[in-house]
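Engineer: Build me a model:
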Amino acid sequence: MQTPDALGAAVLAGFAHNFRQYKDLADKALAQLAPADWAWVPAPGANSAAVIVQHLVGNLRSRFTDFLTTDGEKPDRQRDAEFAEPGTAANVPALQAAWEAAWAILFKLLDDLQPADLLRTVHIRQEPHTVLAALQRQVAHYAYHVGQLVQLAKHIRGEAFPSLSIPRGGSAAFNQQMPAR
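Structural biologist: Numbers count the residues shown, from 1 in each chain. As a prediction, the model looks like this:
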């Protein structure tokens, strides 16, 4: 019989695994881009990879800094500015550093959270959420934007983009390899 603590630990481990998988997928997509590619916009009104990264950095910092004690929408966050193009390809290293630092905030929090924290109340824009609901909200949000980053990288790289999942026509071979994993 599983205890509530065991269930909570499994839920937290699941969130940590999912967030790490989405970061890894985004990192693999971004690694396919030359610095100039980060500013490519597929259509008017669409976002570049740089803008998506900038937005995720702002969101990660705001949501997960002092997560249990302050509102997830910090007063110093400038969300609208996150959607402004950051400029030249020379800004990519700074964006990459901010990206790593922002994800580190989340991963540190996930390491520190305890099963009993899952039902605590946190606020995002003054709206109450359980920790569990807030984490689920954010994993879904990040999955959405990571998918955008992958799609942008695919558009930019075309046929040169390596599959980041099961390649087309490769399902049967992948499924046969699963028992060996």
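Engineer: can you tell me how far the spatially closest residue to A116 that is not a sequence neighbour sits from R137?
Structural biologist: Leaving aside its sequence neighbours, A116 sits nearest to G8 (C-beta to C-beta, 6 or more residues apart in numbering; 6.9 Å). The C-beta positions use only the backbone N, C-alpha and C, and glycine is treated the same way. Distance of G8 to R137, given as C-beta to C-beta, to the nearest Å: 18 Å.
Engineer: ok, those two, which is more surrounded?
Structural biologist: Neighbour totals were compared for G8 and R137, and G8 leads with 19 against 14 (other C-beta atoms under 10 Å).
Engineer: Where does the more buried one fall, secondary structure wise?
Structural biologist: helix 4-30 (DSSP states H and E).
Engineer: Would you pull up how far that helix lies from the middle of the chain?
Structural biologist: Computed by C-alpha atoms, centre = their mean, to the nearest Å, the chain-centroid distance of helix 4-30 equals 10 Å.
Engineer: Please apply the same query to stretch 167-181.
Structural biologist: With C-alpha atoms, centre = their mean, you get 26 Å for stretch 167-181.
Engineer: which residues are contacting it?
Structural biologist: Residues from elsewhere that reach stretch 167-181 (C-beta atoms under 8 Å, 6 or more residues apart in numbering): 163, 166.
Engineer: picking up where we left off before, for the residue nearest to A116, give its distance to R157.
Structural biologist: From G8 across to R157, the span is 41 Å (C-beta to C-beta).
Engineer: For V122, grab phi and psi.
Structural biologist: Dihedral angles of V122 (phi, psi; degrees, to the nearest 10) stand at phi -120, psi 170.
Engineer: where's the most centrally placed residue in the chain relative to E82, distance?
Structural biologist: The residue lying closest to the centre of the chain (C-alpha atoms, centre = their mean) is Y142, at 3.9 Å. Y142 is 14 Å from E82, where distance means C-beta to C-beta.
Engineer: Other residues contacting the helix or strand just after the helix holding G8?
Structural biologist: As assigned by DSSP H and E, the chain's next helix or strand after helix 4-30 is helix 49-64. With contact meaning C-beta under 8 Å, 6+ apart, helix 49-64 is reached by 26, 30, 33, 37-40, 47, 72-74, 77-79, 82-86, 91-92, 95, 98-99, 101-103, 105-106, 109, 124, 134, 138, 141-142, 145, 148-149, 152-153.
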